[in-house]
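1. build me a model from this:
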Amino acid sequence: WRDILHFDFHGEHVLFSFLRLDSGSNFLLASFLTVLLCACEKYLSYVSIKATAQPRYNSHLANAAFRSAVYWVLTLIRLLYMLLAMTFHVGYVLQYVTTLSAGQFIIEYL
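-> Below you'll find the model as predicted:
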């Protein structure tokens, strides 16, 4: 493990002990997992924005509970991003930042 930005495969784990950045194929698998995580986060961000603008339920309590639950999941996903960044692999960091940016573009465009 290296605590500086690098391009090499040093076996850093990505969220799970079985998923390590030690080869190109594992890098692709980790990237696929990250794309799914980014897509979930961006979708939930979109849901959160819509839920604030257009409440889903007639009850204020139900709307607050729904928005809080979405916020909880979003916070968990965003903390997982922090752990992803701790691999310090430049290619991996650029990949998930690009995926998040593309997702944000889609939300802004909608």
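2. residues in contact with Ser17?
-> With contact set as C-beta atoms under 8 Å, 6 or more residues apart in numbering, Ser17 has no partners. Yep, even glycine has a C-beta here, placed from its N, CA and C like the rest.
3. which pLDDT value belongs to it?
-> Looking at Ser17, its pLDDT stands at 87.
4. which SS state does it fall under?
-> Ser17 falls in the strand class when you classify it by DSSP: H, G, I helix; E, B strand; the rest coil.
5. distance of Ala85 from Val35?
-> 16 Å (C-beta to C-beta, to the nearest Å).
6. which of these two has more residues huddled nearby?
-> Neighbour count, other C-beta atoms under 10 Å: between Ala85 and Val35, Val35 has more, with 17 against 13.
7. torsion angles phi and psi at the residue nearest to that one when sequence neighbours are not counted?
-> Nearest residue to Val35, sequence neighbours excluded (C-beta to C-beta, 6 or more residues apart in numbering): Thr99, at 5.4 Å. Here is the backbone geometry of Thr99 (degrees, to the nearest 10): phi -60, psi -40.
8. residues in contact with Thr99?
-> If you count contacts by C-beta under 8 Å, 6+ apart, then Thr99 has 34-35, 38-39 around it.
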